[in-house]
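A.B. asks: Sharing a model prediction with you, sequence too.
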Protein chains: 4
Amino acid sequence: MNTPRASLKHKVYRFLDLAEPYDLASKCFDFFLLGLIFLNLIAVALETVDSLFEQYWIWFRGFEIFSVVVFTIEYLLRVWSCTIKQAYRHPFWGRLRFIFTPLALIDLLAILPFYLPLLSPQFRVGRALRLLRLFRVLKLNRYTDSLKILGRVLRLKREELILSLFVLSILLAIASSLIYFAEHQAQPEAFSSIPEAMWWGTITLTTVGYGDVYPVTLLGRILGGSLAILGIGLFALPAGILASGFSEELQARKAKKRRNQTQVCPYCGKVINND
Amino acid sequence: MNTPRASLKHKVYRFLDLAEPYDLASKCFDFFLLGLIFLNLIAVALETVDSLFEQYWIWFRGFEIFSVVVFTIEYLLRVWSCTIKQAYRHPFWGRLRFIFTPLALIDLLAILPFYLPLLSPQFRVGRALRLLRLFRVLKLNRYTDSLKILGRVLRLKREELILSLFVLSILLAIASSLIYFAEHQAQPEAFSSIPEAMWWGTITLTTVGYGDVYPVTLLGRILGGSLAILGIGLFALPAGILASGFSEELQARKAKKRRNQTQVCPYCGKVINND
Amino acid sequence: MNTPRASLKHKVYRFLDLAEPYDLASKCFDFFLLGLIFLNLIAVALETVDSLFEQYWIWFRGFEIFSVVVFTIEYLLRVWSCTIKQAYRHPFWGRLRFIFTPLALIDLLAILPFYLPLLSPQFRVGRALRLLRLFRVLKLNRYTDSLKILGRVLRLKREELILSLFVLSILLAIASSLIYFAEHQAQPEAFSSIPEAMWWGTITLTTVGYGDVYPVTLLGRILGGSLAILGIGLFALPAGILASGFSEELQARKAKKRRNQTQVCPYCGKVINND
Amino acid sequence: MNTPRASLKHKVYRFLDLAEPYDLASKCFDFFLLGLIFLNLIAVALETVDSLFEQYWIWFRGFEIFSVVVFTIEYLLRVWSCTIKQAYRHPFWGRLRFIFTPLALIDLLAILPFYLPLLSPQFRVGRALRLLRLFRVLKLNRYTDSLKILGRVLRLKREELILSLFVLSILLAIASSLIYFAEHQAQPEAFSSIPEAMWWGTITLTTVGYGDVYPVTLLGRILGGSLAILGIGLFALPAGILASGFSEELQARKAKKRRNQTQVCPYCGKVINND
C-alpha cells in the first residue's frame, strides 16, 4: 500500500476531493473549477447572442474544448483515485460502482455532450447538445452548498410541498374549468379549451398577469376576481414553503457554523475546517 | 344477523368504506377509484380540446360510460350496505337518511349528469352537463384529506376571513369610486361605471395587473399608485389567512401522525392504521 | 329630570346609541341603518351604469330621498337627545359641542350633499356630489368595528408606516431618476420626465406591472430587473405593516372576546354584552 | 486654545454637527438643510418636465445656485472646524484626512457637479451632471436614520442576501436557458438569446409580468407556469430578507428609544437627547 503509486493516488484523491485548510494548491484548484463552471454558464448564454457568436465563435469553441479537456482529466483522475476510499476499493467493481454514484454521473454528463457527436454523426443536433451543457451547473454541487441546501429543503418539506401542489392543481383545474365555461363563447380563441384556460389560471393566480388572456364577460370577471382574491394565497404556498425552508436552512447553517468551526474528516480522521 | 347475506353485506361495507391496513383488495379498490376520479378530471379538460375530441370522441364516450357504470355500482352498493351502520339500520328510512348525507349526495351528483338526458330530452345541454361532471372532484373527499383540510381551514378561520373580506370590499368600493371619478372623462370606455372600475380595482390590488385597464390621468395615477401601495396588504389578507391556516393544518396533521400512528376504528372497534 | 319628555329623550338616546342585548327594537334599528348604508354604497355604484340609471332613475331618486329622510331624522334625534350625556348637558353649548364631534360631523356629511343644491343653484354639480355620498360609508363606524380596527392599526403602527413610506419614497425617487436617465432617449414618450417615470416605478415595485410602460434598452432592463428584485420587499413593507397590524388586532379582539364577554356600560352602569 | 477664534470654531463645529436639545438655532439649521435637500430632489425631478422647465427655468437655476452656495458654505465651515475633533487635530493632515471621510466626500459630491463645468468646458454634459445631483440625497444620512438603517440591514443580512442572490441567479440562468430552447423558434424576436430571455425570467419570477414577452408554445407555457409556481418564492427571498431586516431594525430602534432616552455625547461628555 505504501508504493509510490499508491502514495501519488492518495495525494490526487485528497487534492480533488476535500480542500483541507492548509492545502493551498487544492483550494486554488477548487476555485479554478468553480470559476470554470461559471464561465461555462455565461458562455452557454452568450453563445446564443448571434452577433457575439458570429464574431467570436473561435473563442467560444476554444473555451469549450479547454473546459472539456479540464473536466475530462478531472473525471478520469477521480475514477482512477476513487479506490482509495474503502467503499470503492476493488479496482474494477469499485470503480464501476463509483461511476454510478450521482456526483460521478453528473461529472460524466458534463463532458458527454462534447464526445457524442464524435462517436456518431446522428448526434450532431447543435441546440439540444448546448442545452445538455447546462448540466454542468450541477457540478457546483461539489463546491458550494447552495444546491445542497436546495436539495435538503426539498427533502425536508417534501410532504407539505406535495400536498400543497396537489390542492393547487385541483384548484387550478376547477378555476380553469369555471372560467372556460364562462368565457369560451365570448373569446373562443383565448379560452379555446380547459388546458388553454389553465395558462390563464396559472398566470393569474401567481399574480404575474401578463395580460395576453383575461376575462371580458361579467361572469368571467366576477369569477376571475374572486378566484384571484382567494386563490393567490394557495398558489403562494409552494413558493412560501420553499422560501421558509430555505431561510430556515440558512439560519441553521449560520448557527452550526458559529457553534462548530472544526470537524473531523470522515475519510482520514484529520481535523478539517468545515466551512 | 349471521346469515350469509348479512355477512356479505358486512364485507361489502368494509370493502367500500374503510381500507384496513391488512386488506389489500380494499386498498387497491380505493386507489382504483382515486385514479378513476383523476382520469375523469383530465378527460373533462381534454374533451374541450376540439382536435382531440374529434379524433378520439369514441374513447372519451367509452371512458365516460365506463366511469359512470363503476360509480353507479359503487353508489348502489353503498346504499345497499349502509344499513350495517347503527345510524342507518332501518331498511328504508335508514337508507333514505343515508342518501341525504353530504358524501352520498356527492356520489349521486357524480352520476346524475349522465342519466338526466336519458330521462328527458330537455336536459341535452352538453356544456352545462359537462360542467356538472366537475363535481366528481368532490368524491376525492373520501380518499384524500386535502379537501377536508381546506374545509377545516375555512371553518377555523371563518371569523377572520369574513371580517377581512368585509374591510376589503369597502376598500374596493371606495378605491373604485375614487378612480371612477378621476378617470371617467379621460377613458369613458374602460371606466364607464363604478362596477366596471371594480374590475380595475380587483386586478390592481391583487397585483395581477393584466394591463387591460389602467389610469392615464395625473390624478388617476396618483390615486392608483397610492391605493396600490397601501391596498395590496389588505387584499393579501384573505389569501394570507387561508395560506397560514392551511400550513397550520399541515403541521398539526404531521405532529398528530407522529404522535399517534394507530387508532381504534369507530365502527368495528379494531385498531386501524390512521394514515 | 323625571318629566315624560326627559324620559322619552332618555329612551331615544338609548335606542339610537347603544344596542343593549335585551333591546330587540334597538338592535333591529341598528341592522336597518347598517343595511341602508350598504344599499347606499351599492346605489352610488349602480347609478353610474348608464343603462341601469336611464331605466330606473326614478327608483334611484326615490331611494336617495328615502335614505336622506331616514338619515336626517336620525341626525336630528341624535342632536336632540345628546343632552342626556353629561358632557353635552347644556341645551345649546352642549349640542353645539356634540355637533362638532367626529361621529356627528360624519352624520352631517352624509346628508349635506342632498341639501346643498336646494340652498343654492351653484352646487348643482352632480358628479362631485355623488362622490360626497361615499362619505356615508363612514357612518359604518358606529355599527361595525372594521373601520375602528383600521384606525387603531394606523395609530399603532404610525411610526413604522411613516418611516417605511419615507424610505420608500426616497427609493422611488432614486429608481425613477435612474430609469429616466437610462430610458429617456429610447422612449421619450413613456419616460418623458422623472415624475412620469415614477408611475413606472410604482407599478413595477408593487409588482402590478400593467405593461403600459417598461424599459426597452439593455441598461434600463438591467436597472429595472435589479430594482425589482431588491425593491419589491421595501414596497411591500407598508402593506405588510398594515396587514400584520390588522391581523394582530383581529387576534387581540378574538382573545378579548373570549376572556371577557360582559362589560359595564360607561354611560348607564349596566352590564352589557360587549360583542 | 481659548482665543476668540478657537471659541468661534468650537461654536461653529457644534452648530453644524450635533443638534443639542437646548440649542434651537442648530436644530433650525438642521431642519433647513433637511428641507433644502428634499427640495433639491423635487427640483431634479420637476426640471425634467419640459413644460415646467421652459416656463420656470430661471427659478430652477436660481434655486440651484442658492442650494450650491449654502452647501458650499456648509462644506467649507465643516472643513475649517473639523480640527476641533481630536482625530483631525492637525491643521493640514487632519483636514485632509477629514476630507476623505465618507460623509465629507458625500458633501463634496453634492456641490462638485456645479463647479465642474466652470473648470473646463468639456464637463458641460447637462444630463449626466443632473444625475450626479441625485447624490445630494446621501446628505440625508447626517440628518435621518433611514439610510443608516438600510445600511445596517444590508450589513446584518449580508450573508443571507449573497447566498440567496447566488441561488437566484443560478435559478434565473437555468429558467432562462430552458425557456430559450422552448420558445426561440416560435418567437425569434422576443427570445432571441438567453440574456434576452433573462429579462422574461426576471419580470415573470418577480411576478411583475409586464406582458411584453411571454411564452406561446405549449412546452414554453408548461415550463413558464411551473417555474412561476416554484420560483417566485425564491425570487421573493432577497426582498423578504431586506424587509424582515428592516422591520427588525425598526422594532429594535423603538425598543432602544423607550429603554434609553438620554445618552452621553461622545465628543463633549454632555448628556444629550438621543432621538
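C.D. replies: Nice, thanks for sending it over.
A.B. asks: residues contacting the residue of chain A most remote from its centre?
C.D. replies: The outermost residue of chain A, judged by C-alpha distance from the chain's mean C-alpha position using CA atoms, centre = their mean, is A:Leu218 at 43.7 Å. With contact set as CB atoms under 8 Å, 6 or more residues apart in numbering or on different chains, A:Leu218 has no partners. Quick note: C-beta positions are derived from backbone N, CA and C, even for glycine.
A.B. asks: Quick check: phi and psi at it.
C.D. replies: Here is the backbone geometry of A:Leu218 (degrees, to the nearest 10): phi -60, psi -50.
A.B. asks: Any figure for the gap between it and B:Pro117?
C.D. replies: Plainly put, A:Leu218 is 29 Å away from B:Pro117 if you go by CB to CB, to the nearest Å.
A.B. asks: Of all residues in the stretch 1-150 of chain A, which one is closest to chain C?
C.D. replies: Closest approach between the stretch 1-150 of chain A and chain C, counting by CB to the nearest CB: A:Val49, at 11.2 Å.
A.B. asks: Look up phi and psi at that residue.
C.D. replies: Here A:Val49 shows phi and psi, under degrees, to the nearest 10, equal to phi -80, psi 110.
A.B. asks: Could you double-check that it sits in contact with D:Phe191?
C.D. replies: No - counting by CB atoms under 8 Å, A:Val49 stays clear of D:Phe191, with 11.9 Å between them.
A.B. asks: ok, now how distant is the nearest residue to A:Ala243 once chain neighbours are set aside from D:Phe32?
C.D. replies: Closest residue in space to A:Ala243, ignoring its immediate chain neighbours: D:Gly233 at 3.9 Å, by CB to CB, 6 or more residues apart in numbering or on different chains. Relative to D:Phe32, D:Gly233 is positioned 47 Å away (CB to CB).
A.B. asks: excluding its backbone neighbours, what's nearest A:Phe191?
C.D. replies: Across the structure, with CB to CB, 6+ apart as the measure, the residue nearest A:Phe191 apart from its sequence neighbours is A:Glu183 (4.3 Å).
A.B. asks: which residues does the one you found contact?
C.D. replies: With contacts taken as CB under 8 Å, 6+ apart, A:Glu183 has the following neighbours: A:190-191, A:197, A:215-217, A:220.
A.B. asks: Kindly report the same for A:Leu161.
C.D. replies: Listed by CB under 8 Å, 6+ apart, the contact partners of A:Leu161 are A:154, A:238, A:241-242.
A.B. asks: If any of the residues you listed are buried, put those into a PyMOL selection.
C.D. replies: What follows is the PyMOL syntax selecting those of those that are buried according to 16 or more other CB atoms under 10 Å in any protein chain shown:
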select buried, chain A and resi 238+241+242
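A.B. asks: In helices, which of the contacts of A:Leu161 appear?
C.D. replies: Judged by DSSP state H, helices contain the following of the contacts of A:Leu161: A:154, A:238, A:241-242.
A.B. asks: The residues you listed: which two are farthest apart?
C.D. replies: Greatest spacing in those, by CB to CB: A:Leu154 and A:Pro238 (10.8 Å).
A.B. asks: For chain A, which residues are neighbours of chain C?
C.D. replies: Taking CB under 8 Å from any CB of the partner chain as the contact definition, chain A meets chain C at A:207-211.
A.B. asks: TSV for those residues, including distance to chain D and secondary structure?
C.D. replies: Written out in TSV, the entries for the residues of chain A next to chain C read as follows (distance: CB to the nearest CB, whole Å; DSSP: H, G, I helix; E, B strand; the rest coil):
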residue	distance to chain D	secondary structure
A:Thr207	5	coil
A:Val208	4	coil
A:Gly209	5	coil
A:Tyr210	4	coil
A:Gly211	4	coil
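A.B. asks: List just the nearest of the residues you listed to B:Lys139.
C.D. replies: Using CB to CB, A:Thr207 is the member of the residues of chain A next to chain C that sits closest to B:Lys139, with 31.0 Å.
A.B. asks: my read: that closest one touches B:Thr204, true?
C.D. replies: No - with contact defined as CB under 8 Å, A:Thr207 does not reach B:Thr204; the gap is 10.9 Å.
A.B. asks: Need the nearest residue in space to A:Ile232, chain neighbours excluded.
C.D. replies: On the basis of CB to CB, 6+ apart, the spatially nearest residue to A:Ile232 that is not a chain neighbour turns out to be B:Ala239, at 4.7 Å.
A.B. asks: how close does the one you found get to A:Gly240?
C.D. replies: Computed with CB to CB, the distance linking B:Ala239 and A:Gly240 is 11 Å.
A.B. asks: picking up where we left off before, between D:Gly233 and D:Phe32, who's got more neighbours?
C.D. replies: D:Gly233 (21 against 11; other CB atoms under 10 Å in any protein chain shown).
A.B. asks: which residue does chain A bring closest to chain C?
C.D. replies: Closest point on chain A to chain C, by CB to the nearest CB, is A:Gly211, at 5.5 Å.
A.B. asks: Compute the inter-axis angle for whichever strand or helix holds A:Trp200 and helix B:194-205.
C.D. replies: According to DSSP states H and E, A:Trp200 maps onto helix A:194-205. Relative orientation of helix A:194-205 and helix B:194-205, computed by axes from the mean of the first three to the mean of the last three CA atoms, to 10 degrees: 80 degrees.
A.B. asks: Only alpha carbons, please: show helix A:194-205 as PDB.
C.D. replies: Taking Å, rounded to 0.1, in the frame of the first residue of the first chain, the C-alpha atoms of helix A:194-205 are listed here in PDB:
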ATOM      1  CA  ILE A 194     -59.700  23.900 -20.500                       C
ATOM      2  CA  PRO A 195     -56.000  23.200 -20.800                       C
ATOM      3  CA  GLU A 196     -55.700  26.500 -22.600                       C
ATOM      4  CA  ALA A 197     -57.600  28.200 -19.800                       C
ATOM      5  CA  MET A 198     -55.100  26.700 -17.300                       C
ATOM      6  CA  TRP A 199     -52.500  29.000 -18.700                       C
ATOM      7  CA  TRP A 200     -54.800  31.900 -17.700                       C
ATOM      8  CA  GLY A 201     -55.200  30.300 -14.300                       C
ATOM      9  CA  THR A 202     -51.500  29.900 -13.600                       C
ATOM     10  CA  ILE A 203     -50.600  33.400 -14.800                       C
ATOM     11  CA  THR A 204     -53.400  35.000 -12.800                       C
ATOM     12  CA  LEU A 205     -53.100  33.000  -9.600                       C
END
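A.B. asks: now the strand or helix carrying A:Lys11: mean pLDDT?
C.D. replies: Under the criterion of DSSP H and E, A:Lys11 resides in helix A:4-17. Here helix A:4-17 scores 80 as its mean pLDDT.
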